[in-house]
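Visitor: need a structure here:
(one chain, ligands or ions: 2)
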Amino acid sequence: MTVLGIETSCDETSAAVVRDGKLLSNVIASQDFHSRYGGIVPELASRAHQRLIVPVVDEALAKAGITSAELGGVAAVHGPGLIGSLLVGLSFGKTYAYGLGIPFVGVNHMEAHIFSNLIDEPRPEFPFVNLTVSGGHTQLVAVSDLFQYEMLGETLDDAAGEAFDKVAKMLGLGYPGGPAIDRLAREGNPAAIRFPRPFLNDASFSFSFSGLKTSVLYHLKSSGLDGQSLAQTAQLRDIAASFQQAVVDVLVGKTMRAARERRVRSVAVAGGVAANSALRRAFEHATGERGLKLFFPRMEFCTDNGAMVALAGHEKLERGITSRFELAARPNLELS
Ligand code: KG4
Ligand code: ZN
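Guide: Ligands and ions are numbered 1, 2, ... in the order given. Prediction:
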């Protein structure tokens, strides 16, 4: 079966083709212009999706070396995400499938992130624990089997990537802030400032990053620092490294406890923040010590992409799971 997957939940317009579980193409058009506004402007994002969706899908088919007549199904994300953005990919996907007379299936964006670790070999074996860390979400999920998820914990306020972006803004770095902090932190001292590790020793698997962000703000205020005075100083690198270390300690600590309690042999990490080099190193160390297998997606599958949607859709369609054409876009869709 050959499936087209479409992702437009936020600011990436992406389409991919999967045939018999194998990825044939993955085209991502990133809307870089949002950096000018210091964050994503929802209305501009949906208009850009409208402009980009047809050329991106055409390119995905061309790169896969197929025509639309060879497609056996279409999958598109129907939530969670920005409503205007979701509507573009979902409406396109449903219409395309209807026009071709082939089945359609809606995919949960957070479920798709879990599938980003199933694209390449080797793949985690069930059951495994999955941590998805992105600009909009921080979720720790026990995956017992295909499509079988148990939500262990989520963030109560800011997502991990959002904390990176907000702290980067305070430090006078651009948007998105994660890559900038990652780069600066490599030359900084992660033990220079002892920022809090929110909820690290809490019995739940919930996360909270808003207080950590405020701690960075207080540190800047009490030291009389701002973005401009910080530019290129050693202090800037130390703050970036210390903040990043606090986030990494919490993410790794909680995930490893979940792995222990759930007695799994594999740990998977997904989402934009999974690109973070310190997070990768810390997970390699922690899983290595305990003899667990660790899975990170290829860099291009960390941030939002159509490949993970096409694969999730392929697995569903192959098992006869389809959606009605009435399927609605749901900005707050839960993983169930
Ligand atoms: O998964 P994604 O592309 O979009 C959402 O679904 O939200 O994730 C984007 C987030 C941004 O907050 C960005 O700052 C963060 O991922 N990010 C990083 C790194 N690369 C991207 N955070 C930390 N370190 C990185 N290297
Ligand atoms: Zn995402």
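
Visitor: Touching, residue 186 and residue 277? I think so.
Guide: Yes: using CB atoms under 8 Å, residue 186 is in contact with residue 277, at 7.2 Å. No exception for glycine: its C-beta is placed from N, CA and C like everyone else's.

Visitor: State the distance from residue 111 to residue 181.
Guide: Applying CB to CB, to the nearest Å, the value for residue 111 to residue 181 is 28 Å.

Visitor: Between these two, tell me which one has more neighbours.
Guide: Legend: neighbour count by other CB atoms under 10 Å for residue 111 and residue 181, higher for residue 181 (28 against 21).

Visitor: So for whichever residue of the stretch 101-250 of the chain sits closest to ligand 1, what's the pLDDT?
Guide: Here the stretch 101-250 of the chain gets closest to ligand 1 at one residue, residue 178, 2.1 Å apart by CB to the nearest ligand atom. For residue 178, the pLDDT comes out at 96.

Visitor: Against residue 183, how distant is the nearest residue to it once chain neighbours are set aside?
Guide: Closest residue to residue 178 in three dimensions, ignoring its sequence neighbours and counting by CB to CB, 6 or more residues apart in numbering: residue 164, at 4.0 Å. Distance of residue 164 to residue 183, computed by CB to CB: 12 Å.

Visitor: now do residue 212
Guide: 20 Å.

Visitor: more neighbours, the two?
Guide: Using other CB under 10 Å as the criterion, residue 212 and residue 183 rank with residue 212 on top: 23 against 13.

Visitor: How about the residues of the stretch 201-336 of the chain by ligand 1?
Guide: Selection of the stretch 201-336 of the chain residues close to ligand 1 by CB under 6 Å from any ligand atom yields 271, 272, 273, 275, 276, 303, 304.

Visitor: wait, doesn't the second one sit right on residue 136?
Guide: No: counting by CB under 8 Å, residue 136 is not a contact partner of residue 272; they are 9.2 Å apart.

Visitor: Find residues that contact each of the two.
Guide: Shared contacts of residue 272 and residue 136 (CB atoms under 8 Å, 6 or more residues apart in numbering): residue 161.

Visitor: Could you check which of those two has the larger neighbour count?
Guide: Just comparing residue 272 and residue 136: by other CB under 10 Å the higher neighbour count belongs to residue 272, 26 against 21.

Visitor: need the contact list for the more buried one.
Guide: Taking CB under 8 Å, 6+ apart as the criterion, residue 272 is in contact with 133, 134, 135, 161, 176, 178, 302, 303, 304.

Visitor: Can stretch 156-171 be said to contact ligand 1?
Guide: Yes: counting by CB under 6 Å from any ligand atom, ligand 1 has neighbours in stretch 156-171: 161, 164, 165.

Visitor: got it, and stretch 139-146?
Guide: No: for stretch 139-146, no contact with ligand 1 is found by CB under 6 Å from any ligand atom; the gap never falls below 11.1 Å.

Visitor: what's in contact with that stretch?
Guide: Contact partners of stretch 139-146, identified using CB under 8 Å, 6+ apart, comprise 110, 114, 124, 126-132, 149-155, 205, 207, 254-255, 258, 262, 264, 268, 315, 335.

Visitor: ok, of those residues, which come out buried?
Guide: Neighbour counting by 16 or more other CB atoms under 10 Å classes 110, 114, 124, 127-132, 149, 152-155, 205, 207, 254-255, 258, 264, 268, 315, 335 among those as buried.

Visitor: mind listing which of those are in strands?
Guide: Members of those lying in strands (criterion: DSSP state E): 128, 129, 130, 131, 132, 149, 152, 153, 154, 268.

Visitor: Redo those residues as JSON lines? Include pLDDT.
Guide: Compiled in JSON lines, these are given as follows (pLDDT from 0 to 100):
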{"residue": "128", "pLDDT": "98"}
{"residue": "129", "pLDDT": "98"}
{"residue": "130", "pLDDT": "98"}
{"residue": "131", "pLDDT": "98"}
{"residue": "132", "pLDDT": "98"}
{"residue": "149", "pLDDT": "97"}
{"residue": "152", "pLDDT": "98"}
{"residue": "153", "pLDDT": "97"}
{"residue": "154", "pLDDT": "96"}
{"residue": "268", "pLDDT": "98"}
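
Visitor: Kindly format the C-alpha coordinates of stretch 162-182 as CSV.
Guide: Output in CSV follows, covering the C-alpha atoms of stretch 162-182 (Å, rounded to 0.1, in the frame of the first residue of the first chain):
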residue,chain,number,x,y,z
GLU,A,162,8.6,26.8,24.6
ALA,A,163,10.9,27.3,27.7
PHE,A,164,13.9,27.2,25.4
ASP,A,165,12.3,29.8,23.1
LYS,A,166,11.2,32.1,25.9
VAL,A,167,14.6,32.0,27.7
ALA,A,168,16.3,32.6,24.3
LYS,A,169,14.2,35.7,23.9
MET,A,170,15.3,37.0,27.4
LEU,A,171,18.9,36.4,26.4
GLY,A,172,18.5,38.4,23.2
LEU,A,173,18.8,35.4,20.9
GLY,A,174,16.5,34.8,17.9
TYR,A,175,13.5,32.6,17.4
PRO,A,176,13.4,29.6,17.5
GLY,A,177,15.6,29.7,20.6
GLY,A,178,16.4,26.0,21.1
PRO,A,179,19.1,25.7,18.5
ALA,A,180,20.7,29.0,19.6
ILE,A,181,20.8,27.9,23.3
ASP,A,182,22.2,24.5,22.3
